[in-house]
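Enquirer: I would like the atomic coordinates for the input below:
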Amino acid sequence: MTVVKSTIPDSARQVAGEALQNTLVDLLGLSLIGKQAHWNIVGPRFRSIHLQLDEVVAAARTFADTVAERSSALGLPPDGRPETIASAFTLPGPKDGWVRDTEAVEVLVEALESAVARLRERIDATEKADPVTQDLLIAITAELEKQRWMFAAENVSHDD
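Expert: This next block holds a predicted model:
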């Protein structure tokens, strides 16, 4: 059942819909990675990284909502159910239990790098199919790259 009629052809809608759904999974998963690390971080840089993790979580959640609404606008129901996220999510995450501040930073850098690489593939895929979706993916990529840079800067030693 299609509740909303899309303004783009079905073939383009499918390309955009797949990119949006996969991005939704990555963003919701990224918000969970951020919160898991946020709750379990320990170490001398606890406070600054603890707060920085919340920035990633807030950005991921905000973008997840925007992505889901774009999907709905195209007449494709977004799927953010826990079982969908659990079965489709593949970004690296923190280990169980307490996480050293340096480990949390490494996990976030790796997860953000993976998310950005996947977003860049989706940007390419949506270029002709739906420039509006592509524009949204570009904005998300810019923010996640900024967050990745900020976390990567946390682990630069004074000797580098």
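Enquirer: list the contacts for residue 47?
Expert: Neighbour list for residue 47: empty [criterion: CB atoms under 8 Å, 6 or more residues apart in numbering]. All C-beta spots, glycine's among them, are computed from the backbone N, C-alpha and C.
Enquirer: repeat the analysis, applying 10 Å as the threshold.
Expert: Residue 47 makes contact with 41, 101 under the criterion CB atoms under 10 Å, 6 or more residues apart in numbering.
Enquirer: just the element for it, please.
Expert: helix 46-73 (DSSP states H and E).
Enquirer: secondary structure class for the residue nearest the centre of the chain?
Expert: The centre of the chain sits closest to residue 27, judged by CA atoms, centre = their mean, with a distance of 3.0 Å. Following DSSP: H, G, I helix; E, B strand; the rest coil, residue 27 is assigned to helix.
Enquirer: residues near the nearest residue to it once chain neighbours are set aside, how many?
Expert: Spatial nearest neighbour of residue 27, excluding adjacent residues (CB to CB, 6 or more residues apart in numbering): residue 64 at 4.0 Å. Neighbour count for residue 64, taken as other CB atoms under 10 Å: 22.
Enquirer: for the helix holding residue 47, which positions count as buried?
Expert: 49-50, 52-53, 56-57, 59-61, 63-64, 66-68, 70-71 (16 or more other CB atoms under 10 Å).
Enquirer: can you tell me which of those is nearest residue 21?
Expert: residue 71 (6.7 Å; CB to CB).
Enquirer: and the closest one, what does it touch?
Expert: By CB under 10 Å, 6+ apart, the neighbours of residue 71 are 13, 16-21, 23-24, 77-80, 133.
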